[in-house]
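> with the sequence up front, the predicted model follows.
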Amino acid sequence: MASALTSSSIKELAHGCGFELAGIAVACPSEDFERFQAWRDEGRAGEMTYLTDHRGDLRSDPRNLLPSAQTILCVGKLYNTPHPYSADLSDSDRGWISRYAWGPDYHEVMRRGLESLLERIAALHPEPFEWRICVDTAPLLERSYARAAGLGWIGKNTCLINQQQGSWFFLGELLLSIPLAPDLPAPERCGTCRRCIDACPTQAIVPVGDGHWSLDARLCISYLTIEKRGAIPRELAEKTANHVFGCDICQDVCPWNRRAPVNDDPAFQPSQFAPPLERLAGLTEEGFRSTFRHTAVWRTKYAGFLRNVAIAMGNSGHPERREVLESLTRHPEQSVASAARHALSVFDEHLHYTEKTERIETSESAAEPVVRLLKTTPDWPVAISG
């Protein structure tokens, strides 16, 4: 029986499986690999060795993952919800968890959707074919292929942006040995906008020449709070504000997200929306496990998460958290204890500054009557003639 599978029909199948975006790219080397190579050679991957060792090299060609691959079916799953953006949250006593990590682990959600899609493809294509599912962790330049498949363009914040639906998308791919007609790449529409660049607290979006921008992971709050192990440099920790896992700022301010649609699927609603820092600081290792085991937050591990919470507490400027932080200075994990000590020193510096300011204001207040008297007293004669 002849295959009824076409580029149009496979995208319809993808939409039927709950993917808002779907497009076709050719399974061949991407021109972006050279840029990726330069990025990691410059050290901008930080400590993410899975990007700098042989696993990073595999990204040079999708056929390293599936030698028979001819087509990459790229899909996007919307995870935006009606809840406020981080830019709208003014309560510094609450910790910010990146939007993508609010629900169950997205890897599992995306894989289930792609497995369902694979079954539907097989029903339309009775001939044997080879395939491979890729969800984020596979060594594939997924944003580059998503752009080639027409899902959107790669913005200055390095996120994939769809003109109609914004950037709040999980990406996934099906490598297929089935030849299909590819889609056309989406045009770049960031123009002269710099909102993501200017809004980044750590200035992690850096120019790389020829009008392109890149992300220096070593400065990125998402990297610092998720991938970075051990202590976070003090000058960067002070700029992470109340972020305890990831960061959404460069997407929050993007004009293409102003009218981004929302997904009402319960899987993407927050089980922990901006939880109180004090409650997070009180989590035991078992409590952390039961709360976050099946979410993306699990990646940062218990010690990394507590380190982030301690930093956020220090950045909050609320010295009433001193008792909690003092207990964390005795934590057996050095990165947690160090972060807590730093937070306490921030409180002391803030207290010293406040007391100094109050003394100056008090002195100025006490001197006011004398100043008024001098202003109303006639000038003394320079010389008296007799």
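Perfect, thanks for sending it.
> quick one: the strands in the chain?
Ranges of strands in the chain, per DSSP state E, are 21-26, 71-78, 96-97, 131-134, 153-154, 160-161, 169-176, 205-207, 213-215, 243-245.
> out of those, nearest to residue 57?
For the strands of the chain, distance to residue 57 was read as CB to CB. The smallest value, 16.4 Å, belongs to strand 131-134. For glycine as for every other residue, the C-beta is placed from the backbone atoms N, C-alpha and C.
> hey, C-alpha coordinates of that closest one in PDB?
In PDB, the C-alpha atoms belonging to strand 131-134 read as follows (Å, rounded to 0.1, in the frame of the first residue of the first chain):
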ATOM      1  CA  TRP A 131      13.100   7.200  13.600                       C
ATOM      2  CA  ARG A 132      14.500   8.900  16.700                       C
ATOM      3  CA  ILE A 133      12.800  11.100  19.200                       C
ATOM      4  CA  CYS A 134      14.700  14.100  20.400                       C
END
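> what strands flank it, and is each parallel or antiparallel?
Using DSSP bridges, strand 131-134 pairs in its sheet with strand 169-176 (antiparallel).
> dump the strand it pairs with to CSV, restricted to CA.
Extracted in CSV, the C-alpha atoms of strand 169-176 (Å, rounded to 0.1, in the frame of the first residue of the first chain):
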residue,chain,number,x,y,z
PHE,A,169,7.5,27.0,23.6
PHE,A,170,9.1,23.6,24.3
LEU,A,171,10.8,22.2,21.3
GLY,A,172,11.0,18.6,20.1
GLU,A,173,12.0,16.7,17.0
LEU,A,174,11.4,13.5,15.2
LEU,A,175,14.3,12.3,13.0
LEU,A,176,12.8,10.3,10.2
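> as a markdown table, the strands of the chain with mean pLDDT would be great.
Formatted as a markdown table, the strands of the chain follow (pLDDT from 0 to 100):
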| stretch | mean pLDDT |
| --- | --- |
| strand 21-26 | 98 |
| strand 71-78 | 98 |
| strand 96-97 | 97 |
| strand 131-134 | 98 |
| strand 153-154 | 98 |
| strand 160-161 | 98 |
| strand 169-176 | 98 |
| strand 205-207 | 97 |
| strand 213-215 | 96 |
| strand 243-245 | 98 |
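> shaky segments in this protein?
1-2, 350-386 (pLDDT under 70).
> sorry, back to before: now the strands of the chain as TSV including distance to residue 223?
Converted to TSV, the strands of the chain look like this (distance: least, CB to CB, whole Å):
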stretch	distance to residue 223
strand 21-26	26
strand 71-78	23
strand 96-97	15
strand 131-134	22
strand 153-154	18
strand 160-161	18
strand 169-176	18
strand 205-207	13
strand 213-215	9
strand 243-245	11
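> any chance of these in TSV, plus mean neighbour count and distance to residue 292?
Below are the strands of the chain laid out as TSV (neighbours: other CB atoms under 10 Å; distance: least, CB to CB, whole Å):
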stretch	mean neighbour count	distance to residue 292
strand 21-26	23	28
strand 71-78	26	21
strand 96-97	27	9
strand 131-134	18	24
strand 153-154	20	30
strand 160-161	24	26
strand 169-176	24	18
strand 205-207	16	28
strand 213-215	20	25
strand 243-245	27	9
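> let me see the contact set for residue 200.
Residue 200 makes contacts with 249, 250, as judged by CB atoms under 8 Å, 6 or more residues apart in numbering.
> please report how far it lies from residue 45.
Distance of residue 200 to residue 45, computed by CB to CB, to the nearest Å: 18 Å.
> next one: residue 188
Remark: distance between residue 188 and residue 45 (CB to CB) = 24 Å.
> kindly report the same for residue 323.
To residue 45, residue 323 is 39 Å away according to CB to CB.
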